[in-house]
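> This is a predicted model, with the sequence first.
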Amino acid sequence: METHSFFLSLVIILLTARLLAELAKKFQVPPVIGELLAGILLGPSLLGWIDPTPVIKLLADIGIILLLFEVGLETDVMRLVRVGPKSIVVAVAGFILPFLFGFFLSSQVFEFSLLTSLFVGGTLTATSIGITVKVLADLNLQQSDAGRIVLGAGVMDDVLGVVLLAILYDFSLGGSVSLMNAGRIFSFIFFFLLIAPISAKFLSTIIERFHKVRKVPGWVPTTIISLILFFAWLAHLVGAPEFLGGFAAGLALSKYFFFPFDQQKITRMSDFNQKVHEQITPIIRLFTPIFFVVVGLSMNLKEIDWGSSFIWLFSLVLFALAVLGKLAGGWLIKGPWVKRCCIGLAMIPRGEVGLIFAELGLESQILSHDIYAGLVFVIALTTLLPPFVLKWVHKHYGEYLEEP
């Protein structure tokens, strides 16, 4: 893409996303839906004006990293730890059940090959944490008990998804799976999540001290963005998703984060934390819409042969199993039925995560175009419908979502 064409594409993406987000908000629909629809409108599904080029995808990657930084910045670590066991149950059940459902449907009912069935099951596993977090924020639920369970489960879900993707990718290349390599990847990711927030907290204290003596304006956004991108790079280095680096950096700068063995819990945001929040938020608001537009751009709904009975049967049954598998994760924990239902609903969106599995399967010639089209249809439905249902449930039963 030539430079001037990229500039024009970026203008169209930003303005269309903003206008449709405002329109969605006016009709009391989560703004993220407007941003997703902007991608569908501008992409190959409808107008075909914008292609998700590598440069645009890079900006989208920065958007999801910054979004998860903001999530970490507003996360109460101790409350997240308290809901940890529930998050683990939701994550593991929401990962295993959809995978098994998709695998057995593909291998036993449609009689696909073993590798194809594994990719179909893998497409249904991980939750799109970016879309889920944005919807919870739009409904002001990110700090509710249900929101914290979903956040913890979503992060774990994506970690498990990365490990599975690594295994399937290795399988697609060599025709065999190395359990040793999979174990190494998982251990690296676990070590990163354990060490990264503490390391980021240490670096942030150095940044804060230099902030007190700095002579040139712009120190805070420059150094904090550098910190976020550095930890995103570290996350990739150990085999973890880059956005986990952004989450770790945000966690370290949270007003609720404190060093191990420090008995004095921070109860209010310091002046430095406040400056970080105020100066980084506009940058986050600039990049995150690009991420959601790119999710829409990646969905080519024209590839679906709407007259094919196979597409309808395969897609609708797979969609039902995809929803059922995630809802079951929410129902396995204790609490009001509304809360468990909302947790399951929030885990349903696949978005870009499912598309990564589908794209890899197509590029490796493991998935046929018909199977790929059916998967894209399922990903589109699981991405677009849950926010509407969550909005309705929150409107009518929102008072139950804070109950432990």
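Structure's in. What do you need?
> C-alpha only now, for contacts and for neighbours.
Will do.
> Return the helix or strand in the protein with minimum mean pLDDT.
For the chain, scoring each helix and strand by mean pLDDT, DSSP states H and E identifies helix 77-82 as the least confident one, at a mean of 62.
> The next helix or strand after that one: how far from the chain's middle?
For helix 77-82, the following helix or strand on the C-terminal side (DSSP states H and E) is helix 84-104. Going by CA atoms, centre = their mean, to the nearest Å, the spacing between the C-alpha centre of helix 84-104 and its chain's C-alpha centre is 16 Å.
> Then stretch 50-64?
What separates the centre of stretch 50-64 from the centre of its chain is 15 Å, taken as CA atoms, centre = their mean.
> where along the stretch 201-350 of the chain do the helices fall?
In the stretch 201-350 of the chain, helices defined by DSSP state H, counting those that start in this stretch lie at 219-237, 243-252, 271-297, 309-331, 337-346, listed in chain order.
> Check the offset of the last one from the chain's centre.
For helix 337-346, the distance between its averaged C-alpha position and the chain's averaged C-alpha position is 18 Å (CA atoms, centre = their mean).
> what's the angle from that helix to helix 309-331?
Counting by axes from the mean of the first three to the mean of the last three CA atoms, to 10 degrees, helix 337-346 points 130 degrees away from the direction of helix 309-331.
> any low-confidence regions in the stretch 201-350 of the chain?
Within the stretch 201-350 of the chain, the segments meeting pLDDT under 70 span 211-212, 215, 239-241, 255-272, 304.
> okay, the helices of the stretch 201-350 of the chain, which one's buried deepest?
Ranked by average neighbour count under the criterion mean count of other CA atoms under 10 Å, the helices of the stretch 201-350 of the chain are headed by helix 243-252 at a mean of 29.
> rewinding a little: to Phe357, which of the helices of the stretch 201-350 of the chain lies closest?
Of all the helices of the stretch 201-350 of the chain, helix 271-297 sits nearest to Phe357, with 13.6 Å by CA to CA.
> The closest one versus helix 219-237: what angle between them?
With the same axes, to 10 degrees as the criterion, the two stretches helix 271-297 and helix 219-237 enclose an angle of 50 degrees.
> Against which helices or strands is helix 271-297 packed?
Counting by 3 or more CA pairs under 8 Å, 6 or more residues apart in numbering; DSSP states H and E, the packing neighbours recorded for helix 271-297 are helix 3-26, helix 31-42, helix 54-73, helix 219-237.
> Nearest to Thr125 among those would be which one?
Put simply, out of those the one that sits nearest Thr125 is helix 54-73, at 19.1 Å, with distance taken as CA to CA.
> Any buried residues in the closest one, and which?
Buried residues in helix 54-73, counting neighbours by 16 or more other CA atoms under 10 Å, are found at 56-57, 59-73.
> Compare the helices and strands packed on helix 271-297 and give me the one nearest Lys275.
Between Lys275 and the helices and strands packed on helix 271-297, the shortest separation by CA to CA is 7.5 Å, and it involves helix 219-237.
> relative orientation of that closest one and helix 243-252 in degrees?
Using the same axes, to 10 degrees: helix 219-237 against helix 243-252 is 140 degrees.
> How about residues contacting helix 219-237?
65-66, 69, 189, 192, 196, 200, 204, 207, 211, 241-246, 248-250, 275-276, 279-280 (CA atoms under 8 Å, 6 or more residues apart in numbering).
> got it, and stretch 10-30?
Taking CA under 8 Å, 6+ apart as the criterion, the residues outside stretch 10-30 that touch it are 31-39, 42, 56, 135, 138-139, 286, 289-290, 293, 387-388, 391.
> now that stretch: mean pLDDT?
Per-residue pLDDT values over stretch 10-30 give a mean of 86.
> Run the chain-centre distance for it.
Centroid displacement of stretch 10-30 relative to its chain, using CA atoms, centre = their mean, is 20 Å.
> how near is Cys354 to His369?
Residue 354: Gly, not Cys. Distance of Gly354 to His369, given as CA to CA, to the nearest Å: 16 Å.
> who's more crowded, those two?
Neighbour totals were compared for Gly354 and His369, and Gly354 leads with 26 against 13 (other CA atoms under 10 Å).
> got a list of what that one touches?
Gly122, Thr123, Leu124, Thr125, Ala126, Thr127, Ser128, Ile379.
> if we can go back for a sec, so how do I select the buried members of the contacts of stretch 10-30 in ChimeraX?
This is how ChimeraX selects the buried members of the contacts of stretch 10-30, with burial counted by 16+ other CA under 10 Å:
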select :31,32,33,34,35,36,37,38,39,42,56,135,138,139,289,290,293,387,391
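> Could you dump the helices of the stretch 201-350 of the chain into CSV with distance to Gly161 added?
Rendered in CSV, the data for these read as follows (distance: least, CA to CA, whole Å):
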stretch, distance to Gly161
helix 219-237, 14
helix 243-252, 13
helix 271-297, 18
helix 309-331, 14
helix 337-346, 17
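> who wins for proximity to Ile96 among those helices?
In this view, the helices of the stretch 201-350 of the chain are compared for proximity to Ile96 by CA to CA, and helix 309-331 is the closest at 8.1 Å.
> so where's the stretch 51-200 of the chain shaky on pLDDT?
Residues of the stretch 51-200 of the chain meeting the criterion pLDDT under 70: 74-83, 129-130, 142, 158-159, 162, 165-166, 169-179, 181-182, 184-186.
> circling back: so which of the contacts of Gly354 are in helices?
Residues of these located in helices (DSSP state H): Gly122, Thr123, Ile379.
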